[in-house]
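Trainee: Everything below, folded, please.
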Amino acid sequence: MKSLWNHYRYLILRRVTQLGLLFLYFGANAWGWTMLQGNLSSSIILNVVPMSDPYAALQMLAAGAILATDLLVGVAVVTFFYFIIGGRAFCSWVCPINMVTDFAAFVRELIGMNKLTGVKQPASRNLRYWVLGLSLVISAIMGVTAFEFISPISMLHRGIIFGMGFGWMAVLVIFLFDLFVLKNGWCGHICPLGGFYSILGKFSLIRVHHSEENCTLCMKCKVVCPENQVLYMVGKESLPVLSGECTNCARCIEVCDDDALNFSIRSMAQNKKMGE
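Mentor: Numbering: from 1, shown residues only. Model prediction:
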């Protein structure tokens, strides 16, 4: 059996990262810190390195805006970063809503909601891609960044930094939706930002790798994985998780007592295979 640290090490590191980023953003607003200024849509590190959300930039383009050079540089920085570490690492390591939905999943399991509703999910995970496309269409028609205007991610992030206001209502709705309506409903089925980073994540280099020879088919990994469809190879063959929908949260690695799952660097041969 793994030690307590080994069982929760990535979860602890994720929470430290999420809360640490929020603290730095808050410090920039409250005390004038320059380590990290702005918000999740547009930031700057040490007044030197710009960072811009590429999905927000896409909405701006669709709305007819002309993007400034520093914003384009910021988009390039963020895109390259998530190209290396995995697109949906944003969802599990950065996004503050992840803490809300993870807590909803914990409570859901605690009160036995998963047993009441069964294993089969009543909604398609492809819904997020339809929401992604719709947000760009609405941005083009209305001339506004459609998702940014209503994004609970932005509401929570701005709320923690500048004061919540009605942002708490959006957070509560997502918590109750994930708890009582659909398991992993927001992040796993609806959020267009997650859908965008899933597309980017198809090309990323850091992957969870499954070793079939170590696997004892305990299936603990599939129980904790918020996107368990990406673990289709478990118990069948040794393969990396190549789906962009993997969040690289590493919960599957933590709970695996057989060391059948670990992080690896995607090889060029695997990249070529994906392109065929």
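Trainee: Tabulate the CA atom coordinates of stretch 247-265 in CSV.
Mentor: Output of stretch 247-265 as CSV, limited to C-alpha atoms (Å, rounded to 0.1, in the frame of the first residue of the first chain):
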residue,chain,number,x,y,z
THR,A,247,-6.5,16.5,-17.5
ASN,A,248,-3.1,15.2,-16.3
CYS,A,249,-4.5,15.5,-12.8
ALA,A,250,-2.6,12.3,-11.9
ARG,A,251,-5.2,10.9,-9.6
CYS,A,252,-5.0,7.6,-11.4
ILE,A,253,-1.3,7.4,-10.7
GLU,A,254,-1.8,8.2,-7.1
VAL,A,255,-4.4,5.5,-6.4
CYS,A,256,-2.7,2.7,-8.5
ASP,A,257,-1.0,0.4,-6.0
ASP,A,258,0.6,-1.6,-8.8
ASP,A,259,2.6,1.2,-10.4
ALA,A,260,0.9,0.5,-13.6
LEU,A,261,0.4,4.2,-14.4
ASN,A,262,3.0,6.9,-14.5
PHE,A,263,3.9,10.1,-16.4
SER,A,264,6.0,9.7,-19.5
ILE,A,265,7.2,11.8,-22.4
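Trainee: Can you give me the buried ones in that stretch?
Mentor: The neighbour-count check on stretch 247-265 (16 or more other C-beta atoms under 10 Å) flags 247-256, 260-261, 264 as buried. In short, each C-beta sits where N, CA and C put it, glycine included.
Trainee: Let's check: the centremost residue of this structure is which one?
Mentor: residue 91 (1.4 Å; C-alpha atoms, centre = their mean).
Trainee: Tell me how far that one lies from residue 73.
Mentor: 24 Å (C-beta to C-beta, to the nearest Å).
Trainee: One more: residue 196?
Mentor: 19 Å.
Trainee: which non-adjacent residue is nearest residue 212?
Mentor: residue 238 (4.4 Å; C-beta to C-beta, 6 or more residues apart in numbering).
Trainee: swap in residue 184?
Mentor: The nearest residue in space to residue 184 (C-beta to C-beta, 6+ apart) is residue 226, at 4.8 Å.
Trainee: Just to be sure, that neighbour is in a strand?
Mentor: No. Per DSSP: H, G, I helix; E, B strand; the rest coil, residue 226 lies outside any strand segment and is coil.
Trainee: dump the residue contacts of it.
Mentor: Residues near residue 226 by C-beta atoms under 8 Å, 6 or more residues apart in numbering: 92, 101, 105, 184, 187-188, 247, 249, 251.
Trainee: give me the number of residues near the residue lying closest to residue 174 once chain neighbours are set aside?
Mentor: Among residues not flanking residue 174 along the chain, residue 186 sits closest, at 4.9 Å (C-beta to C-beta, 6+ apart). By other C-beta atoms under 10 Å, 23 other residues sit near residue 186.
Trainee: Please apply the same query to the one 4 residues further on.
Mentor: Counted by other C-beta under 10 Å, the residues lying close to residue 190 total 19.
Trainee: coming back round to it: I figured the residue nearest to residue 174 hits residue 178, correct?
Mentor: Yes. If you go by C-beta atoms under 8 Å, residue 186 and residue 178 touch, sitting 5.9 Å apart.
Trainee: helix or strand right after the biggest helix by length in the chain?
Mentor: For the chain, the longest helix by residue count, based on DSSP state H, is helix 4-31. For helix 4-31, the following helix or strand on the C-terminal side (DSSP states H and E) is strand 36-38.
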